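> Based on what follows, work out the 3D shape:
(one chain, ligands or ions: 2)
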Amino acid sequence: MLIVLIVKLLIGTSNRKLHDEVKFISDRKVLGVDSRIIGGDIATPHQYPYQVALYIWKQVTQYFCGGVLISLRWVLTAAHCVDYATEILVYLGTHDLTQSETGSRVIYNTSTYIIHENYDSVLFQNDVALIRLPEEVALNQYIATIPISQGNQTYVGEMSTTLGWGLTATEGYSTVLRYVDTEVISNAECAASHPDYAALVVDQHLCTTGKSNVYFKMRHIFYLNVILGEGIVGSCSSDSGGAVVINEVLVGVVSWGAIDCTAGLPSVNARLTFFYDWIQENSGKDVMKISPHLWFLLLSIFFVVV
Ligand SMILES: *[C@@H]1O[C@H](CO)[C@@H](O)[C@H](O)[C@H]1NC(C)=O
Ligand SMILES: *[C@@H]1O[C@H](CO)[C@@H](O)[C@H](O)[C@H]1NC(C)=O
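Ligands and ions are numbered 1, 2, ... in the order given. Below you'll find the predicted structure:
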């Protein structure tokens with residue numbers, strides 16, 4: 001028994017070294033070196049001042065995710081990023097993670113967060129969470145909030161921008177923020193892309209295409225598609241929790257996708273029109289809450305001690 005446990009742990013840690021998060025689809029190829037925030041490019045520094053970097057500790061294992069500043073006090077991210085987190089470092093006003101960025105970067109250390117009460121780690125539903133900053137952050141040219149989409153728009157056919165420091169093709173995890181422009185597709189099209197997606201994609205998901213013309217914005221030009229071929233676009237490991245933006249409005253946070261990010265399958269995000277009320281309610285109250293898992297852990301410790 002013990003041997004099995006230790007082996008599992010070792011695999012866990014070696015697979016998930018510094019930066020990582022979860023990739024779900026079961027029958028994809030093993031993650032190759034060719035995976036990244038695909039088809040994208042390096043962002044102009046501080047072009048997206050609402051995007052934050054998260055270093056997350058779950059006991060001794062460190063993970064990396066994106067997040068989004070939605071108010072002076074709250075960062076929105078994916079539930080699977082902070083589930084079981086014991087310590088979270090929130091980097092605001094950052095672009096190049098390897099630099100000290102003393103003029104722009106502000107770091108907060110917190111373990112206060114709210115995970116959606118119906119977060120389902122098996123079906124990847126309600127994959128949203130809020131991280132509470134220990135104080136109100138001062139806004140400036142490097143640190144800004146972004147409004148969340150409201151109403152019933154589906155955004156199908158619109159171009160979105162996804163942000164992240166996730167895996168890149170040639171340099172491993174990106175040290176600088178990257179963006180990728182991809183088109184929002186209907187959930188029906190998303191579900192039809194693969195049987196695993198068909199089993200998982202529901203209304204609360206917002207999918208962006210995994211395949212796009214390299215010169216997507218010029219797609220009306222006859223034959224360009226044929227000449228240049230299709231590019232593979234989307235989010236990848238460590239991009240989770242990051243922003244998906246349309247016209248300076250936050251429409252999604254990165255949630256899940258195929259293990260092989262270069263398979264050309266859609267990237268799936270939490271659809272924020274679906275979670276608008278939850279976000280308002282939970283960030284508006286501005287109260288301390290503790291993760292149910294942490295309660296469980298604390299109770300377990302209590303009972304063990306007793
Ligand atoms: C964050 O805070 C925790 C709890 O106070 C502390 O143990 C940890 O060392 C801090 N981490 C950093 C990087 O400052
Ligand atoms: C979406 O919202 C608009 C404006 O409130 C409304 O007129 C329309 O009927 C709604 N559509 C759906 C499908 O709910």
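> Worst mean pLDDT across the helices and strands of this protein, which element?
helix 2-15 (a mean of 28; mean pLDDT, DSSP states H and E).
> Check which element follows that one along the chain.
strand 41-42 (DSSP states H and E).
> counting contacts, what elements does that next one pack onto?
strand 178-185 (3 or more CB pairs under 8 Å, 6 or more residues apart in numbering; DSSP states H and E). All C-beta atoms are positioned from the backbone trio N, CA, C, and that covers glycine.
> could you dump the strand it packs on to PDB, C-alpha only?
Presented in PDB, the C-alpha positions along strand 178-185 are these (Å, rounded to 0.1, in the frame of the first residue of the first chain):
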ATOM      1  CA  ARG A 178       1.200  35.700 -23.900                       C
ATOM      2  CA  TYR A 179      -2.100  36.100 -25.700                       C
ATOM      3  CA  VAL A 180      -4.000  34.200 -28.400                       C
ATOM      4  CA  ASP A 181      -6.900  35.400 -30.400                       C
ATOM      5  CA  THR A 182      -9.500  32.700 -31.100                       C
ATOM      6  CA  GLU A 183     -13.100  32.600 -32.200                       C
ATOM      7  CA  VAL A 184     -15.900  31.600 -29.800                       C
ATOM      8  CA  ILE A 185     -17.700  28.600 -31.200                       C
END
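> Spell out which parts of the stretch 101-250 of the chain neighbour ligand 1.
Asn109 (CB under 6 Å from any ligand atom).
> if I pick the residue in the stretch 101-250 of the chain that ligand 1 sits nearest to, what's in contact with it?
Residue nearest to ligand 1 within the stretch 101-250 of the chain (CB to the nearest ligand atom): Asn109, separated by 3.7 Å. For Asn109, the contact set (CB atoms under 8 Å, 6 or more residues apart in numbering) comprises Glu87, Ile88, Leu89, Val90, Pro134.
> I'd like those residues laid out as a markdown table, including distance to Ala191, neighbour count and secondary structure.
What follows is the contacts of Asn109, written out as a markdown table (distance: CB to CB, whole Å; neighbours: other CB atoms under 10 Å; DSSP: H, G, I helix; E, B strand; the rest coil):
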| residue | distance to Ala191 | neighbour count | secondary structure |
| --- | --- | --- | --- |
| Glu87 | 37 | 13 | strand |
| Ile88 | 33 | 25 | strand |
| Leu89 | 36 | 15 | strand |
| Val90 | 34 | 24 | strand |
| Pro134 | 41 | 11 | coil |
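> three-state assignment of Ser238?
coil (DSSP: H, G, I helix; E, B strand; the rest coil).
> isn't it right next to Arg178, touching?
No - Ser238 lies out of contact with Arg178 (CB atoms under 8 Å); the separation is 10.8 Å.
> Could you pull out the residues contacting both of the two?
Joint contacts of Ser238 and Arg178 (CB under 8 Å, 6+ apart) are Gly164, Trp165, Gly166.
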